[in-house]
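**Q** After the sequence you'll find the predicted model.
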Amino acid sequence: MRLRRLLPLILALSWSLVASAAESLPEPEGCVMLTVSGDISRTNGDGEARFDRAMLEALPSRTIETHTPWHEDSARYAGPLGEALLEAVGGRGDEARVMALNGFEAEVPVSDFSRYGVILAMTRDGEPMPIRRLGPLFVLYPFDERPELRNEEIRFRSVWQVARIEIH
Amino acid sequence: MRHSPLRLKLGVVAALLLFVAAILMVGLVAWRQDSLVWRVGGDTVWHAYKLDRDAVELRSYLALSDADPEALDEARLRFELLYSRLMLLRGGKIAALIERIPASDRLVDEIEQQLQALDTRLQALDALGPVARQDLIEHLGRISQPAERLIITLNSHLASVSTHERDRLQWLYGLLLALILGMSVAAMLVVAFLIREARDNAAARSALESLSRELEATARRAESASQAKSEFLATVSHEIRTPLNGVIGMSDLLVEQPLPERARHYADTIHESAGRLMELINDILDFSKIEAGRLELEHRALALSELVEGAVSLFRPHAEARGLRLECGLDTTLPAHVISDAGRLRQVLLNLLSNAVKFTDSGAVRVEATRDDEGRLCFAVSDTGCGITAEQQARLFEPFRQGDPGTARRFGGSGLGLAISKRLVEALGGEIGIDSRPGEGSRCWFRVPLIEAAAPSVEPAAAWPMDTASLCEARLLVVEDNPVNQQVAMAMLTKLGCRASLASSGAEALASIDRERFDLVFMDVQMPDMDGLEVTRRIRSRGGWLADMPIVAMTAGGPLGDQARCLAAGMNGYLAKPLLQASLLKVLHRHLAGRDAWPWPAMPAPDAAPATADPILDEEVMAALRDSLDAEALATLVARYRQDAADRLAALDVAFEAGEAERVQHLAHQLKGESATLGAVRVAALAARLEHAARDAALDGEDATLAALRQRLDEALVALDGEVAAT
């Protein structure tokens, strides 16, 4: 009985979800910093979602102040939430294959994004990160906040110089 | 653990120490695992390798690329990526590791210089011309050598560190293994000790259990031994008393006989010694009973003056014989009657008095009863004797202790008297003590709670009139199994003129009762076939006249014997052995008085005093005569007595003059009996005195007695005439 009454509501919600998914992403205006592909529902050409700096800055973000295994000192890193990026592209996979400019790639479970609030760091202490300083995008886990993250596995998932992400 | 053996403690401590050491070892190993080399060694080598590789790749790209602007961008991107490797080697934990390896640090510096130079060149380029490319390739070539050397240096360092660390870790693991082994051994030892301890404990417990069983058995044996001892004491006392009763009874009879002086002395000694022995046995039994907690006290009203004077009068003859004054004083503020145990008070008082008289050679002994400051009843016996030291005083009230060892030799006695007195007084809720100084006499005292008696409920202590003893013609039965006791009892009763039959067992007694009617039965309590209590119960159960027949128990049960049991069995009285004429007579008096026929045959009055304030005629005897005889018979009897007495007096005169003591004794005896029968107590008393004197062959000076006798006889005859006239 209850299910039958709820059915219209569920249908309505599903429709709005589909409608929003169908809504396509705006075209990037600047040079493309990140390309997301794979099992995604929102794209802006060629089945891919391409982001310029402005688009990434527009996504919900957060700042993480932490040490990393690769830097001497603690610093404030800011950038869009992995979760927000996933939502923006309507990603439906469990894994994200993160690929770097230097050819490195790592599989990051999508669940890590929500569990740890992982960001794609774009700035370090307010400054955009150049490639030589592990920019422009850096998959950053909150190491200081969650000490259990200081292990090889997470270090391997912390990809820097990110250029592409494939959801699958 | 508190009482555990040292080895167990050591084992536990060793196990704990080894455990702590092992934990430390594990911590040390973990710390080693966490070292820089372990954490970032791999990364460092990887980045160094990638740096070299990126440089090589950039070089080959530059060699193959052309001069278009995209190629420059691509070259710049690749350079950026190459530079980022350097930044990785310069940052974080990796930089820290590299700083520790001096050679590698220098190599990284060299690479940095080259890269910075390249950076400057690359920034300045507008396009990748062939010259510029050649210049860049050349500079990149300069990186290759230090980069390769960096990889080698790092690898060799890591290899040596790894080897070193592995050795150290192996050593640590070995140590840890040794510690764990040691710990295991210690733990096993502890377990072994615990098992051994548990086994020891079990053994100790079973030993304890068997010990407690043994102790229990011992206690049971001791208990039964103590019981056997008590029974033995009772039996022995009975067995001693039986022959002793014989000695006392027979010697009692013997001293009544006319004896030569030396034989009399012997007889007296026997009598006295036997008496003392009996006292001693009674003392010991008394004491053992008190010690066993079997002392029973009675609380009845008693007259204080009778108690004190009675006790004093008992010792007066003895004291006077020794030339001592015996005084007594009673505080006038004391009540006439108090509630206490008269028997016990008397016992203590007599004991103190006997000591005082015994140890005083001259002077006076004074008995006082007063009320002390705390309102208690205080008895004191003071003497002017030798006195004793404080040291002796301390031991005085202990059993079997006397003032000094010489005392026992000089005065005899069990040494129990004061110990018994102390316990009796304490049982009565009082205290006893002595104040004495050597040479200044002693003052023994005891204090008991004073409870005033509301009314004199106690019968006046009836001084039994010895001089009105009776012979009886009642039919008596003596039930007694012991031949000596039989003889004593029969002899005494016969002497008293009684007709007594003898039954030597319970069965025989019952048979005699079936055959004949008796007025009084003397019943031994302890007999082999059937005890006196049982015989009594059977007699009572037959009913009829047997239900009322007086039965008097004879028992050697001692002064604390159980009258209650005898009375409960249906007996009417109680007679303690040894039988004495006095007590026998008392019993006869009590149980045969008031009978219809009360014949008064001649009676002995051995202790009659020569001069007394007695009435001329005994009222009781006269009453009995009047009851049993009519006036005529009484007149005939008096006439007969007048004639006989005159004859006897005449004959006495003759015999006295002739000095025929035996004849005098015989005649006096006759006269005594006749006079007593008619109640002429004064005549009987004088006749008795004469009889005694004659028996002792001491007739000198007794002519006065003879004269007095004549005078008393006249008085008695006048009085008798008066009686005859009155009827």
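**A** Perfect, I can see it now. Values in this document were obtained by computation on a predicted structure and should not be read as measured data.
**Q** Hmm, residue B:150 and residue B:49 touching each other?
**A** No: using Cβ atoms under 8 Å, residue B:49 makes no contact with residue B:150, being 9.1 Å away. Backbone N, C-alpha and C define where each C-beta goes, glycine included.
**Q** So if I had to pick from the two, which one is more boxed in?
**A** residue B:150 (29 against 17; other Cβ atoms under 10 Å in any protein chain shown).
**Q** What sits closest to that one if chain neighbours are left out?
**A** Leaving out its chain neighbours, the residue that sits closest to residue B:150 by Cβ to Cβ, 6 or more residues apart in numbering or on different chains is residue B:107, at 4.3 Å.
**Q** so what's the one you found up against?
**A** Applying Cβ atoms under 8 Å, 6 or more residues apart in numbering or on different chains to residue B:107 gives the contacts B:146, B:147, B:149, B:150, B:153.
**Q** Farthest-apart pair in those, please.
**A** Using Cβ to Cβ, the contacts of residue B:107 span at most 10.6 Å, a distance reached by B:147 and B:153.
**Q** These two - which one has more neighbours?
**A** Between residue B:147 and residue B:153, counted using other Cβ under 10 Å, residue B:147 has the larger neighbour count: 27 against 21.
**Q** Disregarding flanking residues, what is the spatial nearest neighbour of that one?
**A** Residue B:147 sits nearest to residue B:52 (Cβ to Cβ, 6+ apart), 3.7 Å away.
**Q** what's around that neighbour, how many residues?
**A** Other residues near residue B:52 come to 22 when the count uses other Cβ under 10 Å.
**Q** any chance you could map the strands in the chain?
**A** This is for chain A. Along chain A, counting by DSSP state E, strands occupy A:32-38, A:49-52, A:61-66, A:75-80, A:95-100, A:105-109, A:119-121, A:123-124, A:127-128, A:138-140, A:162-167.
**Q** Actually, chain B is the one I wanted.
**A** B:300-303, B:324-330, B:337-340, B:363-371, B:377-383, B:431-436, B:442-448, B:475-479, B:499-503, B:520-524, B:551-555, B:573-576.
**Q** could you dump the third one to CSV, C-alpha only?
**A** Pointing back at strand B:337-340 there. Extracted in CSV, the C-alpha atoms of strand B:337-340 (Å, rounded to 0.1, in the frame of the first residue of the first chain):
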residue,chain,number,x,y,z
HIS,B,337,17.9,-14.2,109.3
VAL,B,338,19.5,-14.1,105.9
ILE,B,339,19.2,-16.0,102.7
SER,B,340,22.1,-18.2,101.8
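**Q** What are the contacting residues of it?
**A** By Cβ under 8 Å, 6+ apart, strand B:337-340 touches B:299-304, B:377, B:428, B:448, B:450-453, B:455-456, B:458.
**Q** Mind doing that once more with 7 Å?
**A** Here strand B:337-340 makes contact (Cβ atoms under 7 Å, 6 or more residues apart in numbering or on different chains) with B:299-304, B:377, B:428, B:448, B:450-453, B:456, B:458.
**Q** Could you pick out the residues of chain A near chain B for me?
**A** Counting by Cβ under 7 Å from any Cβ of the partner chain, the positions of chain A adjacent to chain B are A:68-72, A:101-102, A:130-134, A:161.
**Q** do you know how far residue B:140 is from residue B:52?
**A** Distance, residue B:140 to residue B:52, by Cβ to Cβ, to the nearest Å: 11 Å.
**Q** any chance of the residues of chain A next to chain B in CSV, with neighbour count and pLDDT too?
**A** Output for these, formatted as CSV (neighbours: other Cβ atoms under 10 Å in any protein chain shown; pLDDT from 0 to 100):
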residue, neighbour count, pLDDT
A:68, 26, 90
A:69, 18, 86
A:70, 23, 88
A:71, 20, 88
A:72, 13, 85
A:101, 19, 92
A:102, 20, 89
A:130, 14, 92
A:131, 21, 92
A:132, 19, 90
A:133, 19, 90
A:134, 25, 90
A:161, 23, 94
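**Q** which one among the contacts of residue B:107 gets closest to chain A?
**A** Comparing the contacts of residue B:107 against chain A with Cβ to the nearest Cβ places residue B:147 closest, at 16.0 Å.
**Q** right, and the closest one touches residue B:111 too?
**A** Yes: using Cβ atoms under 7 Å, residue B:147 makes contact with residue B:111 at a distance of 6.1 Å.
**Q** what sits against residue B:309?
**A** residue B:328.
**Q** so how far is chain A from it?
**A** Distance check for residue B:309 against chain A: by Cβ to the nearest Cβ, to the nearest Å, it reads 113 Å.
**Q** per-residue pLDDT, that residue?
**A** For residue B:309, the pLDDT comes out at 85.
**Q** show me the contacts for residue 25.
**A** Reading this off chain A. Residue A:25 neighbours (Cβ under 7 Å, 6+ apart): A:42, A:43, A:44, A:49.
**Q** please go with chain B instead
**A** Per Cβ under 7 Å, 6+ apart, neighbours of residue B:25: B:172, B:175, B:176, B:179.
**Q** Quick check: closest non-adjacent residue to it.
**A** residue B:176 (4.3 Å).
**Q** mind showing which ranges of chain A have poor pLDDT?
**A** Across chain A, residues meeting the criterion (pLDDT under 70) sit at A:1-23.
**Q** picking that back up, can you tell me which two in the contacts of strand B:337-340 are farthest apart?
**A** B:428 and B:456 (20.2 Å).
**Q** more neighbours, the two?
**A** Set residue B:428 next to residue B:456 and count neighbours by other Cβ under 10 Å: residue B:428 wins out with 22 against 13.
**Q** just checking, the more buried one touches residue B:448?
**A** Yes: between residue B:428 and residue B:448 there is a contact under Cβ under 7 Å: 4.8 Å.
**Q** how many other residues sit next to whichever residue of the stretch 151-300 of chain B sits closest to chain A?
**A** Residue nearest to chain A within the stretch 151-300 of chain B: residue B:158 (16.4 Å; Cβ to the nearest Cβ). As a burial measure, residue B:158 scores 19 neighbours (other Cβ under 10 Å).
**Q** can you check residue B:65 too?
**A** Residue B:65, neighbours per other Cβ under 10 Å, totals 15.
**Q** For it, list the residues it contacts.
**A** B:71, B:75, B:128.
**Q** Residue B:126 versus the first one, what's the distance?
**A** With distances taken as Cβ to Cβ, residue B:71 is found 12 Å from residue B:126.
**Q** any chance of the strands of chain B in TSV, with mean pLDDT too?
**A** TSV is the format used below for the strands of chain B (pLDDT from 0 to 100):
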stretch	mean pLDDT
strand B:300-303	82
strand B:324-330	87
strand B:337-340	86
strand B:363-371	89
strand B:377-383	91
strand B:431-436	89
strand B:442-448	91
strand B:475-479	88
strand B:499-503	86
strand B:520-524	88
strand B:551-555	84
strand B:573-576	76
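**Q** which of those sits most buried?
**A** Ranked by mean neighbour count under mean count of other Cβ atoms under 10 Å in any protein chain shown, the strands of chain B are led by strand B:520-524, which reaches a mean of 27.
**Q** Which residue would be the closest one in the stretch 351-500 of chain B to chain A?
**A** residue B:426 (88.0 Å).
**Q** Let me know the pLDDT of that residue.
**A** Residue B:426 is given a pLDDT of 87.
**Q** Count the residues that sit near it.
**A** 15.
**Q** Would you mind measuring from it to residue B:183?
**A** Residue B:426 is 71 Å from residue B:183, by Cβ to Cβ.
**Q** do the same with residue A:99
**A** Counting by Cβ to Cβ, the gap from residue A:99 to residue B:183 is 53 Å.
**Q** What are the boundaries of the helices in chain A?
**A** Counting by DSSP state H, chain A has these helices, from start to end: A:2-22, A:53-58, A:82-89, A:110-116, A:152-157.
**Q** my read: residue B:449 touches residue B:431, true?
**A** No: under the criterion of Cβ under 7 Å, residue B:449 is not in contact with residue B:431, lying 10.6 Å apart.
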